[in-house]
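**Q** Pasting the sequence and the predicted model now:
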Amino acid sequence: MLAQLTYVSDRNSNCTDEEIKKILSVAEKYNPLLKITGVLLYTDTKFIQMLEGDAKLISGLYTKIKLDKRHCNFWMISFGPIDKKSFPSWHMGARKIEGSLVDFKSDISKEDEIIFNNMLNGKEESGAKVLNLLKMFF
């Protein structure tokens, strides 16, 4: 079954930008073999990642990710079946958000800004809303 999983975690202080490059390098190597796609947004203090692929594979990958000492305090925002991938050609798209507060330079509504900030704090539970916001970044 094709599924999508989205989570937020706190980035540990030992996770440098060089470590992020290592994370992306591993994803670049293994995700195509597993037919996993997705995106990673990160700040100096947070990760937001959305994974797409076989439900069992991404569930297992999430379990493995939670053991990674580069981040902690995981909040699963959504996990469920999908008809098609939102990022079918991205084995792991990534974008860094500078600063602790996001300065939205697009026409984002106040509601979307609240949803995004709730997502960063692990308080947003609507996977569809989160996906729509992630698409704005990519």
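**A** Looks like it came in fine.

**Q** use CA for all of it now, contacts and neighbours both
**A** Noted.

**Q** tell me, what residue is most central in this protein?
**A** Gln49 (0.9 Å; CA atoms, centre = their mean).

**Q** need the contact list for that one.
**A** By CA atoms under 8 Å, 6 or more residues apart in numbering, the contact set of Gln49 is Thr6, Tyr7, Val8, Gly38, Val39, Leu40, Leu41.

**Q** Show me where the protein has its strands.
**A** Applying DSSP state E to the chain gives strands spanning 2-11, 37-42, 46-54, 71-81, 93-96.

**Q** Go through these and pick out the most buried.
**A** strand 46-54 (a mean of 24; mean count of other CA atoms under 10 Å).

**Q** Partner strands of that strand, with direction?
**A** Partners of strand 46-54 in the sheet, by DSSP bridges, are strand 2-11 (antiparallel), strand 37-42 (antiparallel).

**Q** could those strands go into CSV alongside distance to Phe79 and mean pLDDT?
**A** Shown next, in CSV, are the strands paired with strand 46-54 (distance: least, CA to CA, whole Å; pLDDT from 0 to 100):
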stretch, distance to Phe79, mean pLDDT
strand 2-11, 4, 93
strand 37-42, 13, 90
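
**Q** just so I know, which of these lies nearest Cys72?
**A** For the strands paired with strand 46-54, the distance to Cys72 is smallest for strand 2-11, at 5.2 Å, taking CA to CA.

**Q** Quick one: residues in contact with stretch 9-20.
**A** So stretch 9-20 is contacted by 43-48, 69-75 (CA under 8 Å, 6+ apart).
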